[in-house]
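>>> Task: produce atomic coordinates for the following.
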Amino acid sequence: MRTNPDNAPEKKEAYKLELQAMDDKQLYGECRKKIWLSAYASNNPVSCHHWRCDYCYDECARRGKAAEIYGKAHKDEMKSQC
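Predicted structure coming up:
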């Protein structure tokens, strides 16, 4: 399997810190973008969008708002694709 330099540990840590610095509204927008991009990159298992989507969920869960932020972002993004 090929590697992707965007999957480097230092990039993952930087993105995690970026998410932690966002307010809930910004995190909601980021979740929507990464949910769409992860789905779009479904044919590429090494795409950085998959772990970024996971990190968005993890940050929502860390805040105790997985359903409120991530769940709403997922629902809203799926509706926009219909």
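
>>> what's the spacing between the residue nearest the centre of the chain and Arg32?
The centre of the chain sits closest to Cys53, judged by CA atoms, centre = their mean, with a distance of 2.3 Å. Cys53 is 10 Å from Arg32, where distance means CB to CB, to the nearest Å. In this view, the C-beta of every residue, glycine as well, is placed from N, C-alpha and C.

>>> Also Cys56?
9 Å.

>>> Now list whatever residues contact both of these two.
Ala73 (CB atoms under 8 Å, 6 or more residues apart in numbering).

>>> could you say what helices and strands the longest helix along the chain packs with?
Criterion DSSP state H: the longest helix present in the chain is helix 24-40. Packing partners of helix 24-40 (3 or more CB pairs under 8 Å, 6 or more residues apart in numbering; DSSP states H and E): helix 48-62, helix 72-80.

>>> CA atoms of the one helix or strand in the chain whose mean pLDDT sits lowest as PDB?
Lowest by mean pLDDT, DSSP states H and E among the helices and strands of the chain is helix 72-80, with a mean of 94. Extracted C-alpha coordinates of helix 72-80, given in PDB (Å, rounded to 0.1, in the frame of the first residue of the first chain):
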ATOM      1  CA  LYS A  72     -26.000  17.000  13.400                       C
ATOM      2  CA  ALA A  73     -23.200  17.700  10.900                       C
ATOM      3  CA  HIS A  74     -23.500  14.100   9.500                       C
ATOM      4  CA  LYS A  75     -27.300  14.400   9.200                       C
ATOM      5  CA  ASP A  76     -27.100  17.800   7.600                       C
ATOM      6  CA  GLU A  77     -24.400  16.800   5.200                       C
ATOM      7  CA  MET A  78     -26.300  13.700   4.100                       C
ATOM      8  CA  LYS A  79     -29.500  15.800   3.600                       C
ATOM      9  CA  SER A  80     -27.500  18.200   1.400                       C
END
